[in-house]
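# Attaching a predicted model along with its sequence, questions to come.
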Amino acid sequence: MRPQIILFGDSITELSFKYGGWGASLTDTYSRKADILVRGYGGYTTRWALFLLHHIFPLSSTTPPVATTVFFGANDAALPGRTSERQHVPLEEYKENLRKIVRHLKECSPTMLIVLITPPPIDEEGQQQYAISVHGEKAPERTNEVTGNYANGCVEVAKELGVSSVNLWSKMQATQGWQKKYISDGLHLTPDGNNVVYEEVVKAFTGAWLSANEMPADFPHHMEIDPQNPAKAFQERCLISTFTKKDM
């Protein structure tokens, strides 16, 4: 079986398989090397994500994923007293929820590569326009300053627990004009924004031990197959047992 990589998060993960999405790009990079599974849930917070852990990452699994990205925080950082107040998770609870997620993943597989991804920065002007168009109000539901606190908290937890992290909040703001280049509606990502996530995740994977270039393909390359003796290439990969005599 190909190893599995699970992308676990909110809508930014759920949308990652759309055209230009970071999940789709990962699938292309790890083609024939690993299966990329998307487990993204729009609107979810770390509080609600805890209820999914045993379903997505059962401790009884004999084939846990080799790597998991954990990408929450954009909804946790919703402001109290605004339309999205139901999604608000206090910062300290958010950090503790991340700890619980990481501990569960480590219990699921001590060798699993875990990458925490911070929420991206908030384009406050775009958030305000979105709030007006959807809710008829001018108050944005998130601010960049508050979201930055959650991003810092995410990085702190990663360091504390000895796992990798990607600080999108800081990375994206290093580019001039990031608001329109990377953020589409004040919160979600443009294709360029998706590309930043993709590049940073690949960097984290490669910097650990999960380089696509160094992983073996699941079956022989077609140029390795001798048309006069095709079984040889599969025998060398110990795959011949998966074929019947009729198949050969």
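Arrived safely. Residues are numbered from 1 along each chain as shown.
# Skip ahead from the helix or strand hosting residue 69 and say which helix or strand is next.
Secondary structure assignment for residue 69, by DSSP states H and E: strand 67-71. Using DSSP H and E, the helix or strand that follows strand 67-71 in sequence is helix 91-108.
# How many neighbouring residues does the residue nearest to residue 42 when sequence neighbours are not counted have?
Take residue 42 and drop its neighbours on the chain: the residue closest to it by C-beta to C-beta, 6 or more residues apart in numbering is residue 11, 3.6 Å away. Bear in mind the C-beta positions are built from the backbone N, C-alpha and C, glycine included. Neighbouring residues of residue 11 were enumerated by other C-beta atoms under 10 Å; the total is 18.
# Residue 187 versus residue 11, what's the distance?
In this structure, residue 11 and residue 187 are 9 Å apart, going by C-beta to C-beta, to the nearest Å.
# Common neighbours of those two, please.
Taking C-beta atoms under 8 Å, 6 or more residues apart in numbering as the contact criterion, the residues that touch both residue 11 and residue 187 are residue 74.
# so where's this protein uncertain?
Confidence mapping of the chain against pLDDT under 70 gives the ranges 135, 137-138, 237-248.
# Please, where are all the helices along it?
Under the criterion DSSP state H, helices of the chain are mapped to 11-14, 22-29, 46-49, 53-56, 91-108, 124-135, 144-161, 168-173, 178-182, 191-208, 231-236.
# among those helices, which is the most enclosed?
Among those, the stretch with the highest mean neighbour count (mean count of other C-beta atoms under 10 Å) is helix 11-14, at a mean of 23.
# list the helices and strands that helix packs on?
strand 35-40, strand 67-71 (3 or more C-beta pairs under 8 Å, 6 or more residues apart in numbering; DSSP states H and E).
# Redo the ones you listed as TSV? Include distance to residue 92 and mean neighbour count.
TSV is the format used below for the helices and strands packed on helix 11-14 (distance: least, C-beta to C-beta, whole Å; neighbours: other C-beta atoms under 10 Å):
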stretch	distance to residue 92	mean neighbour count
strand 35-40	25	18
strand 67-71	18	27
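# Reformat those as a markdown table; add distance to residue 167.
Putting these into a markdown table (distance: least, C-beta to C-beta, whole Å) gives the following:
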| stretch | distance to residue 167 |
| --- | --- |
| strand 35-40 | 20 |
| strand 67-71 | 12 |
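# Span of stretch 134-143 from start to end?
Across stretch 134-143, the straight-line distance between its terminal residues is 17 Å, by C-alpha to C-alpha, to the nearest Å.
# what does stretch 98-116 give?
Taking C-alpha to C-alpha, stretch 98-116 runs 9 Å from one end to the other.
# Check stretch 107-121 too.
Its start and end residues considered, stretch 107-121 measures 31 Å (C-alpha to C-alpha).
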